[in-house]
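Trainee: based on what follows, work out the 3D shape:
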Amino acid sequence: MSSNHEGGAAAEQDNSNQAKKNHNKYRRDKPWDNEDIDHWKVEHWDDEKDTLPGGRLLEESSFATLFPKYREHYLREVWPVVTKALDGKKIACQLDLVEGSMTVRTTSKTSDPYIILKARDLIKLLSRSIPVAQAIKILND
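Mentor: Got it, this is the predicted structure:
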């Protein structure tokens, strides 16, 4: 019995040592751990306020998406709307009816680096039978 009692005392001492361990002793307050900052707020790109290093993008990026033959007639009708929306964001677009593809690319005036990915998603949505009024909303997200 005495050995069990000694073992129990050793176990209690081990538990108290574990309780004393402080895993957060090197944790320091970070400047970004401030309650006044909303970490989930999405800030929109502003051409006047936000600038890229060097003033513009260094390389041209482009994305192309194929579309089915039955979408050709609809895309030909709505392409001026798509072009106008993308011109407002300084993105060039091209509809190739021979190959059955849509292409978007950055221009020398493009200042928002993320807008090309939104334009890529726009042409993917159009190729998958999403109406143009719904698909253009992705540019404003």
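Trainee: would you mark the buried spots in stretch 102-114?
Mentor: Met102, Thr103, Val104, Arg105, Thr106, Thr110, Ser111, Asp112 (16 or more other C-beta atoms under 10 Å). C-beta coordinates here come from the backbone N, C-alpha and C atoms, glycine included.
Trainee: go on, stretch 71-78?
Mentor: In stretch 71-78, counting by 16+ other C-beta under 10 Å, buried: Arg71, Leu75, Val78.
Trainee: and the gap between the residue nearest to the spatial centre of the chain and Glu60?
Mentor: Central residue of the chain (C-alpha atoms, centre = their mean): Tyr114, 7.5 Å from the mean position. Look at Tyr114 and Glu60: by C-beta to C-beta, to the nearest Å, they are 16 Å apart.
Trainee: equivalent analysis for Leu95, please.
Mentor: Taken as C-beta to C-beta, the span from Leu95 to Glu60 is 19 Å.
Trainee: who has more neighbours, the two?
Mentor: Leu95 (19 against 12; other C-beta atoms under 10 Å).
Trainee: now do the SS call for the more buried one.
Mentor: For Leu95, the assignment made with DSSP: H, G, I helix; E, B strand; the rest coil gives strand.
Trainee: who does it bridge with?
Mentor: Counting by DSSP bridges, Leu95 is bridged to Met102.
Trainee: repeat that for Ser62.
Mentor: Beta-bridge partners of Ser62, as defined by DSSP bridges: Arg105.
Trainee: and the buried residues of stretch 102-114, which is closest to Ala119?
Mentor: Among the buried residues of stretch 102-114, Val104 lies closest to Ala119 (C-beta to C-beta), at 4.1 Å.
Trainee: show me what contacts that closest one?
Mentor: Residues in contact with Val104 (C-beta atoms under 8 Å, 6 or more residues apart in numbering) are 62-64, 86, 91-94, 116, 119-120, 122-123.
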